[in-house]
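Novice: Below: sequence and its predicted model.
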Amino acid sequence: MPVLNRIAALSPEMTRWRHWLHQHPELGFDLPQTSAFVAQRLTEMGVDELHEGIATSGVVAVINGSGDGPTIGLRADMDALPITEVASHDHASLTAGKMHACGHDGHMAMLLGAAQYLTETRRFAGSVVLIFQPAEEDGGGGEVMVREGVLDQFKIQEVYSIHNAPNMQFGTFMTAPGPIMASVDEAWVTVTGRGGHAAVPFECVDPTPAIVAMVQALNTIVSRNIAAQDELVISVTQVHVGSAANVIADDGWFCATIRAFDPDIRARAELRLREIVAGIASAFGVTAEIKFDRGYPPTVNDADCAAFAADVAAEIAGDAAVERNGPRAMGAEDFAYMLQARRGAYMFVGTGPGAGLHHPKFDFNDEAAPIGASYFARLVEAAMPL
């Protein structure tokens with residue numbers, strides 16, 4: 001079964017929706033225009049329930065089928081990124097310093113397209129809850145929605161989401177049982193010594209050599225403390241120390257991102273980071289303060305739900321176009337919180353060649369919207385057949 005005919009016919013409308021959303025990017029939980037646009041479209045479609053203001057700016061809609069049955073949730077993220085767009089197309093961002101550089105505008109268009117189809121046809125037994133979530137990029141809107149009781153309030157039993165994948169073959173799908181995206185933590189390390197004139201370093205306690213030693217030693221956590229078959233990434237992304245060529249600074253700092261799929265490995269990486277920093281600080285006679293921010297947990301698919309989602313994708317794209325045990329990604333995703341609370345699966349859909357995610361030239365491929373919308377719609381019909 002290819003793209004559903006009704007959804008194919010909706011393609012121009014989905015493109016218009018997506019272009020408007022792309023032109024009006026908003027960040028985090030502060031999504032007044034985006035939420036109002038989504039709510040207005042859902043109202044026009046005739047959803048059975050509409051709830052606004054969840055997790056500040058989230059929108060939840062309920063569509064009832066033509067018979068009694070279970071309830072599943074479909075989630076789309078809504079927030080943009082603080083990036084200045086570099087674009088030549090007519091629907092470029094109208095807000096300086098903000099753009100939909102991750103395709104959340106496309107995710108909303110796909111879920112709205114599925115909503116239009118499902119409200120018209122209602123060929124399923126049960127209810128589908130459409131979750132339009134704020135603050136995926138920063139703020140953990142998914143966690144907030146779970147904490148505010150969205151899954152419980154609407155009696156959601158399974159939950160699914162999809163993400164576009166630029167430079168993955170157009171129209172293909174990829175998922176995996178178990179972990180599919182990593183956890184993400186950040187370590188901010190401030191190292192303090194005693195500054196002074198660079199001509200007399202023996203009168204100072206220089207934080208710079210200690211910082212250099214710490215950064216170098218952190219690389220040994222992956223190579224020497226974690227088994228080769230396990231997966232862990234530690235990347236030091238900023239180092240700041242000093243302000244002049246002839247001055248030894250009092251202090252400096254660096255930060256690192258830590259990503260893992262296994263909670264034990266995640267915890268071991270934090271422990272070793274703390275041990276290394278403390279040990280080197282002692283050896284160099286400096287003090288070190290660590291601010292450790294535990295971020296999103298790993299995104300872990302239920303194996304049965306991932307297999308089911310792959311079967312649905314195969315209806316749309318053909319079995320050969322579905323990778324059922326694809327490579328895990330070291331990126332993080334706050335849909336993880338919903339998958340901690342309910343069975344479900346996360347899916348990628350290929351959107352073909354183009355600038356990558358979080359790039360100032362990124363633009364969602366509108367031709368992929370009917371594919372994603374058909375996937376959402378068929379997932380509902382297959383999960384809750386009449």
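Specialist: Structure's in. What do you need?

Novice: Tally up the residues packed near K291, please.
Specialist: Taking other C-beta atoms under 10 Å as the neighbour definition, K291 ends up with a count of 11. Any C-beta I mention is one placed from the backbone N, CA and C, and that applies to glycine too.

Novice: wait, what's in contact with it?
Specialist: 187-190 (C-beta atoms under 8 Å, 6 or more residues apart in numbering).

Novice: mind checking the SS state of it?
Specialist: strand (DSSP: H, G, I helix; E, B strand; the rest coil).

Novice: ok, now the one 5 residues further on?
Specialist: Under the three-state scheme (three-state DSSP), Y296 adopts coil.

Novice: for the one 4 residues further on, same thing?
Specialist: When states are read from three-state DSSP, the local structure at V300 comes out as strand.

Novice: ditto for A345
Specialist: The three-state label for A345, taken from three-state DSSP, comes out as strand.

Novice: That one contacts T175, doesn't it?
Specialist: Yes: if you go by C-beta atoms under 8 Å, A345 and T175 touch, sitting 6.0 Å apart.

Novice: Quick one, grab the pLDDT at S88.
Specialist: Residue-level confidence at S88 comes out at 88, pLDDT.

Novice: In three-state terms, label it for me.
Specialist: Of the three states, S88 takes coil according to three-state DSSP.

Novice: Against A355, how distant is it?
Specialist: As for S88, its distance to A355 is 12 Å (criterion: C-beta to C-beta, to the nearest Å).

Novice: Between these two, tell me which one has more neighbours.
Specialist: Higher neighbour count among S88 and A355: A355, with 15 against 7, using other C-beta under 10 Å.

Novice: doesn't N365 make contact with the more buried one?
Specialist: No: using C-beta under 8 Å, A355 and N365 do not qualify as a contacting pair, with a distance of 10.9 Å.

Novice: intersection of neighbour lists for A345 and T175?
Specialist: Each of 301, 306, 309 lies in contact with both A345 and T175 under the rule C-beta under 8 Å, 6+ apart.

Novice: Looking at the residues you listed, which one is closest to A36?
Specialist: Closest approach to A36 among the shared contacts of A345 and T175 (C-beta to C-beta): A309, at 30.8 Å.

Novice: and the closest residue in space to that closest one that isn't next to it in sequence, how many neighbours?
Specialist: Leaving aside its sequence neighbours, A309 sits nearest to A345 (C-beta to C-beta, 6 or more residues apart in numbering; 4.3 Å). Using other C-beta under 10 Å, the number of residues around A345 comes to 29.

Novice: ok so, going back, just the ones of the contacts of K291 in strands?
Specialist: Residues from the contacts of K291 lying in strands, with DSSP state E as the criterion: 187-190.

Novice: Could you break this protein into its assigned domains?
Specialist: Structurally, the chain divides into domains by automatic domain parsing as follows: 5-181+298-383, 185-294.

Novice: Filter the ones in strands among the contacts of K291 down to just the buried residues.
Specialist: For those, a burial check counting by 16 or more other C-beta atoms under 10 Å picks out 187, 189-190.

Novice: Just put the residues you listed in TSV and tack on distance to A382.
Specialist: TSV is the format used below for these (distance: C-beta to C-beta, whole Å):
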residue	distance to A382
A187	43
V189	49
T190	53
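
Novice: which one of these sits closest to A125?
Specialist: A187 (49.2 Å).

Novice: what sits against that closest one?
Specialist: Residues near A187 by C-beta under 8 Å, 6+ apart: 255-256, 258, 270, 273, 290-293.

Novice: V150 now?
Specialist: Contacts of V150 were listed using C-beta under 8 Å, 6+ apart, and they are 54-55, 58, 60, 131, 156.

Novice: Enumerate the positions of the helix or strand that contains A8 that are buried.
Specialist: Here A8 is covered by helix 5-9, with elements defined by DSSP states H and E. Residues of helix 5-9 classed as buried under the neighbour-count rule (16+ other C-beta under 10 Å) are 6-7.

Novice: Summarise which helices and strands the helix or strand following that helix is packed against.
Specialist: Counting by DSSP H and E, the next helix or strand C-terminal to helix 5-9 is helix 11-23. Packed against helix 11-23, as judged by 3 or more C-beta pairs under 8 Å, 6 or more residues apart in numbering; DSSP states H and E, are the following elements: helix 32-45, helix 104-121, helix 369-383.

Novice: Which one (most neighbours) among the contacts of A187?
Specialist: The member of these surrounded by the most neighbours (other C-beta under 10 Å) is I258, with 26 neighbours in all.
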